[in-house]
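> Structure, please.
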Amino acid sequence: MSTSIVVTGATGHLGRLIVERLIARGTAPGDIVAAGRNAERLAAVAHLGVSTAVIDFASPASLDSAFAGADTLMLVSGSEVGQRTQQHANAISAATRSGITRIVYTSAPMPTPQRSSSRQSTRQPSRRYSTPESRSPSCATTGTPRTTSAR
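Okay, the predicted model is just below:
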């Protein structure tokens, strides 16, 4: 079975750069699912040869469908201040249900008190689903995703 990576926010600047960089570093486009809210903007990413999925962080069914069969979730921080905590919790829950074994979360740059609160709240659901063991290479035996935060 091949490794597959779901990149959320692929219709935005950072998400698209992540997709392009994965391909440039040797990830087969067929192993990447570019996910975002806007179908028209996803069409522009599809020309890179990646699969696409329309998702909405408020719709667990859309997340479950997009995450099915993936190993890694690249969770690009949501842009809707005040809603990110629930959106990220929904994505982490869907990743766990889908059997994703690794979550990489992008944190907001230059955290303000409001952004910092959202970032800390995102870490809470990920801690609920991960253990110290799941953050190590042996996570395959724990059944919970490893988590990595990047700024």
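
> what sits against residue 73?
Listed by Cβ atoms under 8 Å, 6 or more residues apart in numbering, the contact set of residue 73 reads 5, 6, 8, 67, 91, 95, 100, 102, 103, 104, 145. C-betas here are computed from N, CA, C, even on glycine.

> Quick check: buried residues in the strand or helix carrying it?
Assessed by DSSP states H and E, residue 73 sits inside strand 72-76. By neighbour count with 16 or more other Cβ atoms under 10 Å, strand 72-76 contains the buried residues 72, 73, 74, 75, 76.

> distance of the first one from residue 94?
Yep, that's residue 72 we're talking about. 14 Å (Cβ to Cβ, to the nearest Å).

> pLDDT below threshold where in this structure?
The chain contains residues with pLDDT under 70 at 1-3, 108-151.

> what about the helices in it?
Secondary structure of the chain by DSSP state H: the helices cover 13-24, 39-46, 60-67, 84-98, 113-129.

> for the ones you listed, which one sits closest to residue 54?
Counting by Cβ to Cβ, residue 54 lies closest to helix 39-46 out of those; the figure is 5.2 Å.

> what residues does that closest one touch?
Contacts for helix 39-46 (Cβ under 8 Å, 6+ apart): 10, 11, 16, 19, 34, 35, 36, 52, 53, 54.

> Which parts of it count as buried, going by neighbours?
With burial defined by 16+ other Cβ under 10 Å, the residues of helix 39-46 counted as buried are 41, 42, 45.

> which one of these is nearest residue 25?
residue 45 (16.9 Å).

> circling back: looking at the buried residues of helix 39-46, which is nearest residue 23?
Distance to residue 23 across the buried residues of helix 39-46 (Cβ to Cβ) is lowest for residue 45, with 10.8 Å.
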